[in-house]
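Enquirer: All I have is the shape, not the residue letters:
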């Protein structure tokens, strides 16, 4: 089994002079990411490696998310995750190393939610319905795949294990 955790970056500052790529997280984004990181650790969901968009807000989300984990993961800062289409996200996912059976990716919407909806074949139908309505910042989708390689991941091959939002962890959703 392979497992994918898709995390949308935390709540970021509005667009300003530095451009969208350089928007920092707000304090709420940092606290939501830390809360989600604690949940991941408590639920024994810490993956084998991470792929993180090179945008400032995703890198800051990753740092806050993983800061209290017991060990550091191999991390790939991936510029191709920024504003990626579903087709490009799927290509990147299929190129993941097979010896890393569990991965987390921190990125952006609408790409992440569209990718998840394409990958979901079955699983928690209530979570799937909530996901179709909204994918707030600092939310996480957990998908499991009964495949022998990341290259075999495709449309409707995933099982939606859970969909976690800041509200479900005691915070508030956008």
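Expert: It's in. What you see is a predicted model, and the numbers here were worked out from it, not measured in a lab.
Enquirer: Longest helix in the chain, please.
Expert: When the chain is parsed with DSSP state H, its longest helix is helix 27-42.
Enquirer: what does it contact?
Expert: For helix 27-42, the surrounding residues in contact (C-beta atoms under 8 Å, 6 or more residues apart in numbering) are 5, 7, 9-12, 25, 45-46, 57, 60-61, 64-70, 104, 137-138, 140, 164, 166, 169-171. Glycine gets a C-beta too; all of them are placed from N, C-alpha and C.
Enquirer: Quick check: buried residues in that helix?
Expert: By neighbour count, with 16 or more other C-beta atoms under 10 Å as the criterion, the buried positions of helix 27-42 are 28, 29, 30, 31, 32, 33, 34, 35, 36, 37, 39, 40.
Enquirer: Which strands or helices does the helix or strand bottoming out on mean pLDDT in the chain pack on?
Expert: Ranked by mean pLDDT, DSSP states H and E, the weakest helix or strand in the chain is helix 125-133, scoring a mean of 92. When contacts are defined as 3 or more C-beta pairs under 8 Å, 6 or more residues apart in numbering; DSSP states H and E, helix 125-133 sits against helix 111-119, strand 158-164.
Enquirer: can we see that at 6 Å?
Expert: Identification of packing neighbours for helix 125-133 by 3 or more C-beta pairs under 6 Å, 6 or more residues apart in numbering; DSSP states H and E yields strand 158-164.
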